[in-house]
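Novice: Quick one, structure for this:
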Amino acid sequence: MFKQAFLMAGFLLLAGAASAQVPAPLSETPTAATPAADAATVRANMGLPESEAGIVEEGEPYKIRVGDRLQISVLEDPSLSTQVLVLPDGRISLPIAGSVFVSGRSTADVEAQLTRALASGFAVQPTITVSVAGLAPLAASSALEAPIRFYVMGAMNRPGAVESDREITMIEAIALAGGPSPFAATDRIQLRRRDADGVETVTTFDFERVEEGLPVTNNVVIEEGDVIYAPERGLWD
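Specialist: Next comes the predicted model:
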């Protein structure tokens, strides 16, 4: 009898210890910092509409795209601050740093890159901030039934015949040719086009406005047989 009571007491003691080690259920209250919340914060800070929510991956910084407009600010010398357009080749053009590739990078990446590029021109390390002042439209180019061929001539980095299997604009065509050379008169690049009767029409395109981040009005779609010609700058240009 005494032995049975002793065994029963031991059993109850072990059962109590086991129940004390069972962890309490986890709270189902969501935490304040979740990947979805991070992405929503980024979209709000960037001013992205819900229709463009896919631009920013959850928990990831915004990646600069072709067609975005960037605000570059230099704290030590505000006269160097400017707003630039990301060109179709993914680059921006800055008088203070030259041509800089930025597409697919975050604003923090570009800030670090420009800081390194400008460091030699300042007595102390410059403070540079980069922000997205405007977003590129999400429109996609149309595929063509057959490739078109056009010609790039004059003061271009890669003159010659160019083919494209999709619909492209004047700006994209210039980018495919490597952009204007340092000797090009970029404010008067010509688009030469012949109609079915052989009559040639010449349209002047101001690529300087693109480099300066200003809007352009005649960024036309390139057609089969078009000729893009960049004249050289004159002595006083």
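Novice: ok, then the element right after the worst-scoring helix or strand of the chain on mean pLDDT?
Specialist: When the helices and strands of the chain are compared on mean pLDDT, DSSP states H and E, helix 35-46 comes out lowest with a mean of 42. Following helix 35-46 in sequence order, the next helix or strand is strand 69-74 (DSSP states H and E).
Novice: From Ala161, how far off is Ala185?
Specialist: Ala185 sits 22 Å away from Ala161, going by C-beta to C-beta, to the nearest Å. Using the backbone N, CA and C atoms, a C-beta is placed for each residue, glycine as well.
Novice: out of these two, which sits in the more crowded spot?
Specialist: In this view Ala185 and Ala161 are compared by other C-beta atoms under 10 Å, and Ala185 has more residues nearby, 18 against 9.
Novice: residues contacting that one?
Specialist: Ala155, Ala230, Pro231, Glu232, Arg233, Gly234, Asp237 (C-beta atoms under 8 Å, 6 or more residues apart in numbering).
Novice: pretty sure the fifth one contacts Ser181?
Specialist: No. Judged on C-beta atoms under 8 Å, Arg233 makes no contact with Ser181 at a distance of 9.8 Å.
Novice: Now the common contact residues for these two.
Specialist: Common neighbours of Arg233 and Ser181 (C-beta under 8 Å, 6+ apart) are Ala155.
Novice: buried set for stretch 212-220?
Specialist: Judged by neighbour count (16 or more other C-beta atoms under 10 Å), stretch 212-220 contains these buried residues: Gly213.
Novice: which other residues reach it?
Specialist: 69-70, 82-85, 169-171, 191, 203, 205-206, 209-210.
Novice: In helices only, show me those.
Specialist: Met170, Ile171, Arg209, Val210 (DSSP state H).
Novice: Please enumerate the helices of the protein.
Specialist: Under DSSP H, the chain gives helices at 2-20, 35-46, 107-118, 170-176, 207-211.
Novice: If you average pLDDT over each of the ones you listed, which is lowest?
Specialist: Lowest mean pLDDT of these: helix 35-46, a mean of 42.
Novice: Quick one: low-confidence residue ranges for the protein.
Specialist: 1-59, 137-144, 237 (pLDDT under 70).
Novice: domain parsing for it?
Specialist: Domain assignment for the chain, taken from automatic domain parsing, gives 60-134, 143-230.
Novice: how about the nearest residue to Val227 once chain neighbours are set aside, what does it touch?
Specialist: Setting aside the residues directly before and after it, Val227 is nearest to Arg192 in space (C-beta to C-beta, 6 or more residues apart in numbering), at 4.2 Å. Arg192 sits next to Glu200, Thr201, Val202, Asp226, Val227, Ile228, Tyr229 when contact means C-beta under 8 Å, 6+ apart.
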